[in-house]
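Trainee: my questions are about this predicted structure, shown below with the sequence.
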Amino acid sequence: MRQTETSIIKVGNEEFEILLHENEIQKRVKELAQKITENYHGKLPIIIGILNGSFIFMSDLVKNLSIQCEIDFFKLSSYGDEKISSGKVTMLKELNADINDRNILLVEDIVDTGLSISYIKNILESSNPASVKIATLLLKPESLKHNLDIEYIGFEIPNRFVIGYGLDYAQKYRNLRSIYALKQ
Ligand code: IMP
């Protein structure tokens, strides 16, 4: 039996409160999967997750698709162990797939400044894919600094640091089923 999650998570002197409950997340992920299924019918997309944060969203999303797809991952590092972005992106794992003439769907846990996803999109576009679209579970519109078209957005959230459902604080709390925001 899995542990029941509380509505407050204590991390040292800080407290995180529930922002998105797991039921709400699951419902929204199914809706996004439905739209993706319709838009990629007959196209055999390559769904590319950005590690580490996207692993749970990516898994729930692809389980709810009713089309065939291929899966690959990029691994990036930008936050380190901090709560604010370092402003630098380092590539830690490149793609294995040949993306020439393929339809790509990039899957992110959260778009904050947009730096990571812009960086990846630029790399992919230099290899002549048929299309590159973006799906993110969360978007912080107030912190977005890069001009991006994001086709699939789960939730727009305020500019608060969040953990859970793949998102970490110093590599921990990724396994929470709901999403929690730092109390202000
Ligand atoms: P961006 O490059 O500024 O858009 O940041 C994107 C990446 O930063 C995400 O993939 C996350 O790994 C991390 N990130 C951004 N906001 C948060 C947050 O509130 N909690 C945990 N990680 C975050």
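Mentor: Arrived safely, thanks for sending.

Trainee: now the helices: where do they sit in the protein?
Mentor: 22-39, 55-63, 115-125 (DSSP state H).

Trainee: per-residue confidence for residue 82?
Mentor: What the model reports for residue 82 is a pLDDT of 64.

Trainee: got the residues of this structure near the ligand?
Mentor: 50, 53, 78-79, 85, 108-116, 161-162, 167-168 (Cβ under 6 Å from any ligand atom). For glycine as for every other residue, the C-beta is placed from the backbone atoms N, C-alpha and C.

Trainee: list buried residues within those.
Mentor: By neighbour count, with 16 or more other Cβ atoms under 10 Å, the residues of the chain next to the ligand hold 50, 53, 78-79, 85, 108-116, 161-162, 167-168 as buried.

Trainee: helices and strands of the chain: which one has the lowest mean pLDDT?
Mentor: strand 90-93 (a mean of 70; mean pLDDT, DSSP states H and E).

Trainee: and the closest residue to residue 151 other than its chain neighbours, how far is that from residue 29?
Mentor: Setting aside the residues directly before and after it, residue 151 is nearest to residue 133 in space (Cβ to Cβ, 6 or more residues apart in numbering), at 4.5 Å. Remark: distance between residue 133 and residue 29 (Cβ to Cβ, to the nearest Å) = 17 Å.

Trainee: neighbour-wise, which of the two wins?
Mentor: residue 29 (21 against 17; other Cβ atoms under 10 Å).

Trainee: for that one, give me its contacts.
Mentor: By Cβ atoms under 8 Å, 6 or more residues apart in numbering, the contact list for residue 29 reads 57, 60, 61, 64, 137, 154.
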